[in-house]
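Asker: Test case, fold it:
(2 chains)
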Protein chains: 2
Amino acid sequence: MSQMRKDIFTNRWVIVEETNTVQPSDFTFTRFVRNTTFCPFCETHEATTPGEVFAIRKPGSPANAPGWSVRVVPNASPRLRIEGDLGRRAEGIHDLMNGVGAHEIVVETPAHDLSLHQLGIEGICGVLKAYKARILDLEGDHRMRYVLVFKNHGEAAGAHTVSHSISQLMALAVTPQAIKSKLVTCQDYFRLKERCIYCDVLQQELKGKRLVWENPHFAAFAPFASRFPFEVAIFPKSHNSAFSRISPEQVSALAETLRMVLQKLERALGGAPYNLSLQDRPFLNPRAGYWKTIEDDFHWHIEILPQVFRITGFEWASGFFYNPVPPEVAARCLSL
Amino acid sequence: MSQMRKDIFTNRWVIVEETNTVQPSDFTFTRFVRNTTFCPFCETHEATTPGEVFAIRKPGSPANAPGWSVRVVPNASPRLRIEGDLGRRAEGIHDLMNGVGAHEIVVETPAHDLSLHQLGIEGICGVLKAYKARILDLEGDHRMRYVLVFKNHGEAAGAHTVSHSISQLMALAVTPQAIKSKLVTCQDYFRLKERCIYCDVLQQELKGKRLVWENPHFAAFAPFASRFPFEVAIFPKSHNSAFSRISPEQVSALAETLRMVLQKLERALGGAPYNLSLQDRPFLNPRAGYWKTIEDDFHWHIEILPQVFRITGFEWASGFFYNPVPPEVAARCLSL
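Answerer: Predicted coordinates:
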């Protein structure tokens, strides 16, 4: 039998198989392979990328030279460009605008042979500090409304040419639809309860059988209506709408949480491709007055989506998902 | 450079590359391969499937025996089951219900070695008649609200074990989110214009450079904000909210359109995996009074999504899409 579970944040239904016996080894997928062709992101290859916009470096080392631990550079083949105005306009009945925005690469380590889960706490802290610094900087661009931070690990997750450990960061002139739908739910829930829906869900998950890991600042769990087998969400325990307000102590705690969760996924699903994203609030733009309770009702979080099971026409046609692994079983597998 | 284009039906933004030179041969993808292991859907193997619920057969041939051209059987490993009640309930803050519904297989041809685009007009008419008959039958089940019809062609589109040409049909107790979001837009537009938004878009596309094919009853075009390279939509030219009201003359015209479009895709992108779905209105359930103008404002259609380019963390994180092929270029490639 199966259950239909509703994701409380997006109202998306997921068909979840009811089984206690499914295991990570039941899935076949293309494992992560590190390529060895010339890599522009390796230390000493700094001159092959556009000039860095942020780096954590040894004191005194010059920009765009060795000596860094994390380095952010504009994407050499950007999907959006920083120059120009938005040019919002119509084509008959349709709407369009120029592809204006930022598209940057966060090089997570100078070493070609390390994945994010293999970096030490300090290395992961550096990556998180880079996200924070770039978000705060891009927030100053009044054409932009949102910074999307995401990561593709492995070819099946979309990293088909790059195997150096990187994240991507895009500043967008519109708030992503995935975030907007969460904001609507947050606002509706807050109107009803005068509480943050993420805080309420967290309180339940901390006591339940979907918890994967926790420390004093963060909790990781398999979401009740996980779209993907072995999906994990990471929530900060104290309410906050904006990732960029993270404290140094929270950065360390998040680095520990990310490292633990990614290592658990690696142990359970060796070499599994995954997508990771930061689900942050949009900029507090005075034009976006619609989200006036956002500081109280939205709660930033991280989504980790292992890609071990194929999306089909069912998902594209419906917006629903089918997940053969109950989140309770996923949490049990990951807790081992 | 790129453009950001807004899909008028879903408010989803798509980053579309601005290029005139991209070609089908720029894409590498896993081509459709027909497997030759034992196939339960072949003629003379009727006893290996659950008993048929619909078939188009030679007069006098008995059920579950050879002599059919199209055959609909319950899925032997269904994701939803027909028995039982919905049992809508809470788990703390979360919502769930039993996985109740129908999950059927439309076997499109008795021959193992033919794909949908290789069937004659009469063969495709049979498939469409099967969809219609099953929708009308399932509409009588008062627990159900929607019948989702979709097709996975090729392993990368989700058909990883079955290479016989089939479609799938699922009766659902809830209206899919992808349809709901279109219904909301249709209703808003109708309130403003007192016209169907699909009719208005169609009028523009018929005159434009994204048109792929038309006959007196149907038009196929590359949608303005296509999510996928070489995506095609098929709209009936005369307004109608429900596929099940299709006339025999329209069935023939749709079969011709589907055949032409799939053959064009095959010619441009030999062996490309694709997903196809029918985007129909939900059942006119008295409980669903919210959609009271649905007959006037919604317009059924078909989506064909070639899977030649990988989804990444960007799409999962944002709900937006990146499409390296401008729909105008896609239409030009498909018109050749």
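Asker: C-alpha only now, for contacts and for neighbours.
Answerer: OK.
Asker: Residue A:230 and residue A:265, how far apart?
Answerer: 8 Å (C-alpha to C-alpha, to the nearest Å).
Asker: Give me the neighbour count for residue A:259.
Answerer: 19 (other C-alpha atoms under 10 Å in any protein chain shown).
Asker: same check, this time on residue A:331
Answerer: There are 23 residues near residue A:331, going by other C-alpha under 10 Å.
Asker: Distance check, it against residue A:220.
Answerer: Distance from residue A:331 to residue A:220, by C-alpha to C-alpha: 10 Å.
Asker: okay, and the common contacts of these two?
Answerer: A:211-212 (C-alpha atoms under 8 Å, 6 or more residues apart in numbering or on different chains).
Asker: Chain neighbours aside, what residue packs nearest to residue A:139?
Answerer: residue A:283 (6.6 Å; C-alpha to C-alpha, 6 or more residues apart in numbering or on different chains).
Asker: try residue A:314
Answerer: residue B:150 (6.4 Å).
Asker: ok, and the closest non-adjacent residue to the residue in chain A sticking out farthest from the centre?
Answerer: Using C-alpha atoms, centre = their mean, the residue of chain A lying farthest from its centre is residue A:92. It sits 35.8 Å away. Closest residue to residue A:92 apart from its sequence neighbours, by C-alpha to C-alpha, 6+ apart: residue B:204 at 7.4 Å.
Asker: likewise residue A:19?
Answerer: residue A:326 (7.0 Å).
Asker: need the contact list for that neighbour.
Answerer: Contacts of residue A:326 (C-alpha under 8 Å, 6+ apart): A:16-20, A:229.
Asker: Please list the residues of the stretch 151-300 of chain A that sit near chain B.
Answerer: A:151-152, A:156-159, A:176-179, A:200-201, A:204, A:224, A:275-279 (C-alpha under 8 Å from any C-alpha of the partner chain).
Asker: from the residues you listed, which would you call buried?
Answerer: A:151-152, A:156-159, A:176-179, A:201, A:204, A:224, A:275-279 (16 or more other C-alpha atoms under 10 Å in any protein chain shown).
Asker: buried set for stretch A:248-260?
Answerer: A:250-260.
Asker: what's the answer for stretch A:255-274, then?
Answerer: So stretch A:255-274, judged by 16+ other C-alpha under 10 Å, has buried residues A:255-265, A:268-269, A:271-274.
Asker: In helices, which of the residues you listed fall?
Answerer: A:255-265, A:268 (DSSP state H).
Asker: OK, contacts around residue A:252?
Answerer: Applying C-alpha under 8 Å, 6+ apart, the residues near residue A:252 are A:121-122, A:125.
Asker: re the thing from before, could you double-check that the residue nearest to residue A:314 sits in contact with residue B:168?
Answerer: Yes - contact criterion C-alpha atoms under 8 Å: residue B:150 and residue B:168 qualify, at 5.4 Å.
Asker: More neighbours: which of those two?
Answerer: Shown here are residue B:150 and residue B:168; by other C-alpha under 10 Å, residue B:150 has more neighbours (26 against 22).
Asker: Ramachandran angles for the more buried one?
Answerer: Here is the backbone geometry of residue B:150 (degrees, to the nearest 10): phi -150, psi 170.
Asker: State the distance from it to residue B:302.
Answerer: 10 Å.
Asker: Over to residue A:51?
Answerer: 46 Å.
Asker: So between those two, which is more surrounded?
Answerer: Using other C-alpha under 10 Å as the criterion, residue A:51 and residue B:302 rank with residue B:302 on top: 21 against 16.
Asker: so that one touches residue B:276, yeah?
Answerer: Yes - between residue B:302 and residue B:276 a contact is recorded at 7.2 Å, counting by C-alpha under 8 Å.
Asker: residue ranges of the helices in chain A, please?
Answerer: A:121-138, A:177-193, A:197-206, A:248-268, A:294-297, A:313-318, A:327-335.
Asker: which ones are touching residue A:246?
Answerer: Per C-alpha under 8 Å, 6+ apart, neighbours of residue A:246: none.
Asker: can you check residue A:126 too?
Answerer: Counting by C-alpha under 8 Å, 6+ apart, residue A:126 has contacts A:56, A:69-70, A:108.
Asker: Kindly report the same for residue A:222.
Answerer: A:210-212, A:230-233, A:327-328, A:330-331.
Asker: in the sheet, who's paired with the nearest residue in space to it that is not next to it in sequence?
Answerer: In this structure, residue A:222 finds its nearest non-sequential neighbour in residue A:232, 4.6 Å apart by C-alpha to C-alpha, 6+ apart. Beta-bridge partners recorded for residue A:232 (DSSP bridges): residue A:304.
Asker: measure the nearest residue to residue A:186 once chain neighbours are set aside to chain B for me?
Answerer: Nearest residue to residue A:186, sequence neighbours excluded (C-alpha to C-alpha, 6+ apart): residue A:297, at 5.4 Å. Taking C-alpha to the nearest C-alpha, to the nearest Å as the measure, residue A:297 falls 16 Å from chain B.
Asker: Phi and psi next, for the residue nearest to residue A:139.
Answerer: Dihedral angles (degrees, to the nearest 10) for residue A:283: phi -60, psi 150.
Asker: For it, grab the count of nearby residues.
Answerer: 19.
Asker: show me what contacts the closest residue to residue A:54 other than its chain neighbours?
Answerer: Closest residue to residue A:54 apart from its sequence neighbours, by C-alpha to C-alpha, 6+ apart: residue A:72 at 5.1 Å. Residues in contact with residue A:72 (C-alpha under 8 Å, 6+ apart) are A:52-55, A:104-107, A:130.
Asker: Just to be sure, which of those are found in strands?
Answerer: The strands, defined by DSSP state E, take in A:54-55, A:104-107 from the contacts of residue A:72.
Asker: Quick check: buried residues in the lowest-mean-pLDDT helix or strand in chain A?
Answerer: In chain A, the helix or strand scored least confidently by mean pLDDT, DSSP states H and E is helix A:294-297, which has a mean of 93. Neighbour-count burial for helix A:294-297, counted by 16+ other C-alpha under 10 Å, picks out A:294, A:296-297.
Asker: Just put these in a markdown table and tack on distance to residue A:242.
Answerer: Listed next are those as a markdown table, based on distance: C-alpha to C-alpha, whole Å:
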| residue | distance to residue A:242 |
| --- | --- |
| A:294 | 10 |
| A:296 | 11 |
| A:297 | 11 |
